[in-house]
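A.B. asks: A structural model of the following input is requested.
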Amino acid sequence: MDYRLYIKEFIINIEMNFPVDTWRSKEIYFWPFLRRKIYFSLIRKFSDNKLIRLEKTISHQKPSFSIQQSIKGKFNVVSRVLSFIFFWINLRKKDYIFLSAPHFKETFEGKSFDRLFDPLIKDKDIEVRSIYLVLNSESKKKRGNALELEILKQYQTFELISKRFRSKTYHFDDLEFQNSNDFQEILKNEFKAYYEGLDINSFIEKRSLSLNTQIKFFKILFNRIKPDKVLSLCYYYSDLYEAAIAAANKLGIQTIELQHGSIVSEHMCYAEWNKIPSSGFSTLPRTFWCWDSFTYEIINKWTSESNFHDALIFGHPWISFWNNRDVYSSEENYVLYTLQPEPEYKIEQLFPIGLVNYMKSKSIKWIIRMHPRQKVSKVSFENYLVQQGVSNFILNTVEDSPLPISMSGCTLHITQSSGCVHEAVLFNKKTVLLNKIGQNYFKSMIESGNAFYFNPNNVNFSEEMDSIIDMSKELSRKKFSQSKSLEKMVKMLKS
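C.D. replies: Okay, here's the model as predicted:
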């Protein structure tokens, strides 16, 4: 069994057998962040065969001390306080707040460009009414006319001030955690020797305490900015982003999560929520912006049962941005192969012998696109393929060519189980899935005829590939994508 399917069933069984929609500390329901803790811990368990403990190395040596260090320390404190004061003084009313992350950025026209938010923010009316919040940034504060604010340092200062006025003893007498002993027994049986790495009670208490402080920070921030909408690309990318979503929800500000990648029914941050309080989970976005009907069906399955959360098909900003530019790949007659990163896929798994033999036996060109989080270097991939006797390929990183450009001109898209299958559908391109996991994840796309599963180890793999390539060549390369236009997306955002 695919371990992701096992994880999904494990979490669903918990929701079916425990009152997770009542577990809370004060006003904070902690099942959403506890669910993610279990989800990602199980992924690490199965992919690494061990839980990675994120423990800080503590030095027991006495720190050296000098008058210079004392003066420097006091100067830093003063500098930090002044920065904190200026931060709040300079805040102005804005209608849109965007929460993103570094791995959603591309290089466009020599500058950093958020591939999902910036196509929307480029609308002049939205640009001047927006603030782009980041944890840290090496760039200056301005992104055109959209202000960029770093929030991590400001929150850390706020947290230090809060601790000065908070009671040193913080009790969780109000913790509502029914059937906690039975629940933790299930986790012990599942994680066995690794259970101590979870430390559920400590995790809940620490996260609830920090979340309360973070929500206070964002409530003050949003009361100063007075936004109409808060948009995120990955609400769980940072604890601070989760708190920002919760604060906005509590203040009645519309929260929207824009789909950033593939969402399948096994993605337990987005799918299969079976028990939701009537008031909703405040740490989850209220509205989920889906690229296509495939994702919408997965999310709407549970949001349709909620009085608080909902899902809508808005389209794919990055694809529509390139459609507006009417730019296509300069290459012709090639297969696009989108890779996936370690630890789940090693080089040998990405290039099984059946696929390598097919690549060598045909004259068609292959453009191989590395994943943004690929740990193996470009040179290592190139050397491996050359050693296998493959020469008809171009290896691209994300900086070499935007995905919509590569996808627009390909004859066929191939992947193990990458979410790029969604982009392929929007460009009317067929996808061949090489891994059984992909067959499980994208059943609806296979049933609709948008994707196919071919086992590269089968004796008829070459004939299957020839057949699908011949069929795909008949599709028009310049057929417009099925994504909504940017104009329609901007109009929906403004409404």
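
A.B. asks: Give me the distance between S448 and P372.
C.D. replies: 28 Å (C-beta to C-beta, to the nearest Å). C-beta here means a position set from N, CA and C on the backbone, and glycine is covered the same way.

A.B. asks: can you list the weak-confidence ranges in the stretch 201-350 of the chain?
C.D. replies: 326-330, 343-344 (pLDDT under 70).

A.B. asks: Which stretches in it count as helices?
C.D. replies: Under the criterion DSSP state H, counting those that start in this stretch, the stretch 201-350 of the chain contains helices at 239-250, 293-303, 317-325, 347-350.

A.B. asks: Mean confidence (pLDDT) on the helix or strand just after the last one, please.
C.D. replies: Using DSSP states H and E, the helix or strand that follows helix 347-350 in sequence is helix 353-361. Within the predicted structure, the mean pLDDT of helix 353-361 is 94.

A.B. asks: do the same with stretch 186-197
C.D. replies: Mean predicted lDDT for stretch 186-197 stands at 80.

A.B. asks: out of the helices of the stretch 201-350 of the chain, deepest packed?
C.D. replies: helix 239-250 (a mean of 23; mean count of other C-beta atoms under 10 Å).

A.B. asks: name the helices or strands packed onto it?
C.D. replies: Judged by 3 or more C-beta pairs under 8 Å, 6 or more residues apart in numbering; DSSP states H and E, helix 239-250 is in contact with strand 96-99, helix 200-225, strand 229-232, strand 254-258.

A.B. asks: Now do that helix against helix 200-225: the angle between them, please.
C.D. replies: Helix 239-250 runs at 60 degrees relative to helix 200-225, counting by axes from the mean of the first three to the mean of the last three C-alpha atoms, to 10 degrees.

A.B. asks: which residues touch helix 239-250?
C.D. replies: 27-28, 33, 97, 99, 133, 135, 151-152, 155, 207, 210-211, 214-215, 217-219, 221-222, 227, 230, 232, 234-236, 254-255, 280, 282-286 (C-beta atoms under 8 Å, 6 or more residues apart in numbering).

A.B. asks: now swap in stretch 458-478 and tell me
C.D. replies: Outside stretch 458-478, the residues touching it (C-beta under 8 Å, 6+ apart) are 328, 333, 335, 354-355, 357-358, 361, 364, 408-409, 411-412, 428-430, 432, 452, 454-455.

A.B. asks: Now, the residues you listed that are in strands?
C.D. replies: By the criterion of DSSP state E, membership of those in strands covers V335, L412, V432, F452.

A.B. asks: for the stretch 1-150 of the chain, which spans come out with low pLDDT?
C.D. replies: 1, 48-77, 137-146.

A.B. asks: could you pull out the helices for it?
C.D. replies: Under the criterion DSSP H, counting those that start in this stretch, the stretch 1-150 of the chain contains helices at 3-17, 31-48, 67-89, 118-121, 124-127.

A.B. asks: now, of the ones you listed, which is deepest in the fold?
C.D. replies: helix 118-121 (a mean of 24).

A.B. asks: for that helix, packing partners?
C.D. replies: Using 3+ C-beta pairs under 8 Å, 6+ apart, helix 118-121 sits against helix 317-325, helix 486-494.

A.B. asks: quick one on the thing from earlier: quick one, which of the contacts of helix 239-250 are buried?
C.D. replies: Buried members of the contacts of helix 239-250, counted by 16 or more other C-beta atoms under 10 Å: 28, 33, 97, 99, 133, 135, 151, 155, 207, 211, 214-215, 217-219, 221-222, 227, 230, 232, 234-236, 255, 280, 282-286.

A.B. asks: and V78, which of the helices and strands packed on helix 118-121 is closest to it?
C.D. replies: helix 486-494 (41.4 Å; C-beta to C-beta).

A.B. asks: wait, H422 sits on S293?
C.D. replies: No - look at H422 against S293 with C-beta atoms under 8 Å: they stay out of range, at 10.5 Å.

A.B. asks: What about E332, how many residues nearby?
C.D. replies: Using other C-beta atoms under 10 Å, E332 has 11 other residues around it.

A.B. asks: just K105 next, same as before
C.D. replies: 18.

A.B. asks: next one: the one 5 residues further on
C.D. replies: If you count neighbours by other C-beta under 10 Å, G110 ends up with 6.

A.B. asks: Tabulate the helices and strands packed on helix 118-121 (CSV), appending distance to N201.
C.D. replies: Shown next, in CSV, are the helices and strands packed on helix 118-121 (distance: least, C-beta to C-beta, whole Å):
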stretch, distance to N201
helix 317-325, 42
helix 486-494, 42
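
A.B. asks: So which of those helices is nearest F108?
C.D. replies: Per C-beta to C-beta, nearest to F108 of the helices and strands packed on helix 118-121: helix 317-325, 9.2 Å.

A.B. asks: that older thread, can you put the helices of the stretch 1-150 of the chain in a markdown table and add distance to D310?
C.D. replies: As requested, the helices of the stretch 1-150 of the chain are arranged in a markdown table below (distance: least, C-beta to C-beta, whole Å):
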| stretch | distance to D310 |
| --- | --- |
| helix 3-17 | 20 |
| helix 31-48 | 17 |
| helix 67-89 | 34 |
| helix 118-121 | 20 |
| helix 124-127 | 22 |
